[in-house]
Structure formats: structure tokens, C-alpha cells
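# show me the folded form of this:
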Amino acid sequence: MDVLGSRVILRVPDLARSRAFYEGTLGLSIYREYGAGGVTTGVVYFLGGGYLELTGGDGPLAADGVVLWLQVPDLAAEETRLTAAGVRVLAPGRRMPWGLLECWIEDPDGVELRLVEVPPDHPIRRRLD
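Here you go, the predicted model:
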């Protein structure tokens, strides 16, 4: 399989509320919006090396079993900013047994987001030849 692109798609019950969270609170940048007849029915955000798409509509919601892993350069700063914005923190920032710094938060629909900072001494930062 030759994968040319990828994205995570979340079906959300209230697109406006989810957009307010992902654009306004998290600060993600829009890649594109789509819809018909002047009505926006979905939006795609840049997400590092991939994309996150929010789409409104009927059907099962994405919150069950979905976790978004978002690497950030300064976990403490993001946790402080998001806490002040009223974002629900599921687990405050801490160094995990596997060595990454993580803070777990939740979007308005219960989707878990794991904000991750890779410390300078972590193997992810080094190439082991």
C-alpha cells in the first residue's frame, strides 16, 4: 500500500461547538472547509504531519476509544493555557514511565487528547545507529 495522505475524522454532534474548541481553544489552523449551498458541514485542520477532520452528521460519535496524540514543544505552557480556558484535564502533566511528559485533556464531546512533550533525554530525540 502506498499511502499518500492521512487524516483522523471525528463525527461531532455540534460542529460549531467543536470548531470553537479546536480552533479557538487549541488554536489549530484550518486546512480547508467544505459543505454545500453556503453551509459548512466539515472542516479539516493541519495536525503536524497529518490532518484532523471534524464533520457533523448522524451516526456514531467518535469519543469511544479514540485518543488523539498531539506533540507540543512546551507541555507546561499548554496545560496552563488550556486550564485557564476551562478545558477539562483528565490527568495533569507529568513524566510517564515511558519517559514522555504528558497531560491528558478532553474535548467537548469526550474525545481524549494526549498532549505530549518529548524531553531532550528521550530516545525519540536520538537516533540509535
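# for this protein, which segments count as strands?
In the chain, the strands defined using DSSP state E lie at 7-12, 30-36, 39-47, 50-56, 67-71, 88-95, 101-106, 112-117.
# include mean neighbour count and mean pLDDT when you put those into CSV, please.
For the C-beta atoms, the positions are set from N, CA and C on the backbone; glycine is no exception. Listed next are the strands of the chain as CSV, based on neighbours: other CB atoms under 10 Å; pLDDT from 0 to 100:
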stretch, mean neighbour count, mean pLDDT
strand 7-12, 17, 89
strand 30-36, 11, 92
strand 39-47, 16, 92
strand 50-56, 18, 87
strand 67-71, 13, 89
strand 88-95, 13, 96
strand 101-106, 19, 95
strand 112-117, 19, 92
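# can you list the ones you listed in JSON lines and add distance to residue 22?
Compiled in JSON lines, the strands of the chain are given as follows (distance: least, CB to CB, whole Å):
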{"stretch": "strand 7-12", "distance to residue 22": "9"}
{"stretch": "strand 30-36", "distance to residue 22": "9"}
{"stretch": "strand 39-47", "distance to residue 22": "6"}
{"stretch": "strand 50-56", "distance to residue 22": "7"}
{"stretch": "strand 67-71", "distance to residue 22": "10"}
{"stretch": "strand 88-95", "distance to residue 22": "15"}
{"stretch": "strand 101-106", "distance to residue 22": "12"}
{"stretch": "strand 112-117", "distance to residue 22": "10"}
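# how about these, which one is nearest residue 18?
Nearest to residue 18, of all the strands of the chain, is strand 7-12, at 4.2 Å by CB to CB.
# who does the closest one touch, helix- and strand-wise?
Strand 7-12 sits against strand 39-47, strand 50-56, with contacts defined as 3 or more CB pairs under 8 Å, 6 or more residues apart in numbering; DSSP states H and E.
# got the domain ranges for the protein?
Domains of the chain are assigned by automatic domain parsing as 1-60, 63-129.
# so how far is the shortest one off the chain centroid?
In this case it means domain 1-60. 11 Å (CA atoms, centre = their mean, to the nearest Å).
# between the helices and strands packed on strand 7-12, which one is closest to residue 103.
strand 39-47 (17.3 Å).
# thank you, goodbye.
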